[in-house]
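Undergrad: Just the structure for this:
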Amino acid sequence: MSGRFRRILIIADIEGSSGCWSYRGSSFMTTEWARTCLEMTRDVQAVVQALFECGIEYVRVKDFHRTGYNLLPELIDARAELIHGYRAGPVPGLGDPGPAEAVMFLGMHAASGTDGFLAHTLTSRIRQLEVNGNPLPEIQLFAASLASRGIKPIFFSGCPVACAQARTAIEHISVFPIDKFAGQERFDAIAWRTDLAQAAVTALNNKRTIPFKPQGPMRVKVRMQTGSTAARKIARRWGLVHQGDQIVIEANDIHDVYMHLIRICYLTPFIEKTLPLGLRLYNLWGRLGLAWVRRQQKRIEPN
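TA: Just a heads-up that it's a prediction; the model follows:
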């Protein structure tokens, strides 16, 4: 274990997992989503188990898809701490990242406006998102939000486009792709999952990455799927500039960008003022969804 990281945070999403092969696989309360939750859980468990087997002393897993309730904790090593749902801070969505030294991103996707599998940033309501002329994938937002804690992004898995974007954004990060375009029929989930876990273990030796701290200022252009009417409404709500279907944000740094995007994607001024209550209700909705997944699992795998 000499020279390796010992305390790991995992951020897990569903689009780049081994069970998601269509939009319905990522969509709340569909039969396809129930199956995908099981496969996403197996992906995460494979990595968690491999980390503990090689001597890692601490693993915290954050479920970061939609409601934040997609992983089945009973199928994940009990030594790992699983975080369901969302918290306001100190790290947006995540809350307290704990004593992690490094972060691994599993099952991720590419940025809005690019040609990756189910590509989007935060929400599919954004058609295109650029910062200083470049696409903005979620890994940049998440990794930057952890940088003040000294947490280094060392590993990333997702479709090849998502992996390429991660490597462009974060120098020296290790990546492991999943080819979504060859089709599920040709995909060997067990073999891929085994290789994923081994790649994650190998990344523990990745000491070349540093906490992700991109420099500002940043000019953000957000194009909405529903066109100029939605862009105008959102821009007026938050006192922003809009040009047709495009919202323009002048930000000091990436943390400023992240907060603007959270407001655009998820909030109104009223919801922001009542956020603690809103989060409790949203997390309750997520727990109900996960309970539904468990019922579906009995039909999918009765034994």
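Undergrad: What ranges does the stretch 151-300 of the chain have for its strands?
TA: 152-158, 174-177, 218-224, 241-243, 246-251 (DSSP state E, counting those that start in this stretch).
Undergrad: which outside residues touch the fourth one?
TA: Read that as strand 241-243. 228, 231-232, 234-236, 247-249 (CB atoms under 8 Å, 6 or more residues apart in numbering). C-beta: built from backbone N, CA, C; applies to glycine.
Undergrad: Just the buried ones from those?
TA: Buried residues within the contacts of strand 241-243, counting neighbours by 16 or more other CB atoms under 10 Å: 231-232, 234-235, 247, 249.
Undergrad: so can I have JSON lines of those showing distance to Glu130 and pLDDT?
TA: Formatted as JSON lines, the buried ones among the contacts of strand 241-243 follow (distance: CB to CB, whole Å; pLDDT from 0 to 100):
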{"residue": "Ala231", "distance to Glu130": "14", "pLDDT": "95"}
{"residue": "Arg232", "distance to Glu130": "19", "pLDDT": "96"}
{"residue": "Ile234", "distance to Glu130": "17", "pLDDT": "97"}
{"residue": "Ala235", "distance to Glu130": "16", "pLDDT": "97"}
{"residue": "Ile247", "distance to Glu130": "11", "pLDDT": "98"}
{"residue": "Ile249", "distance to Glu130": "11", "pLDDT": "97"}
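Undergrad: Specify which member of the residues you listed is nearest to Pro90.
TA: Within these, the smallest distance to Pro90 is 22.6 Å, found for Ile249 (CB to CB).
Undergrad: Which residues are in contact with that closest one?
TA: Per CB under 8 Å, 6+ apart, neighbours of Ile249: 218-222, 240-241, 257, 260.
Undergrad: hang on, isn't Ile210 packed against Ile151?
TA: No - counting by CB atoms under 8 Å, Ile210 does not reach Ile151; the two are 10.5 Å apart.
Undergrad: neighbour-wise, which of these two wins?
TA: Taking other CB atoms under 10 Å, Ile210 and Ile151 do not tie; Ile151 has more neighbours (24 against 13).
Undergrad: Which phi and psi values does the more buried one adopt?
TA: Backbone torsions for Ile151, taken as degrees, to the nearest 10, come to phi -80, psi 130.
Undergrad: I figured it hits Pro99, correct?
TA: No - judged on CB under 8 Å, Ile151 makes no contact with Pro99 at a distance of 9.7 Å.
Undergrad: Distance check, Thr268 against Tyr58.
TA: Computed as CB to CB, to the nearest Å, the Thr268 to Tyr58 distance reads 38 Å.
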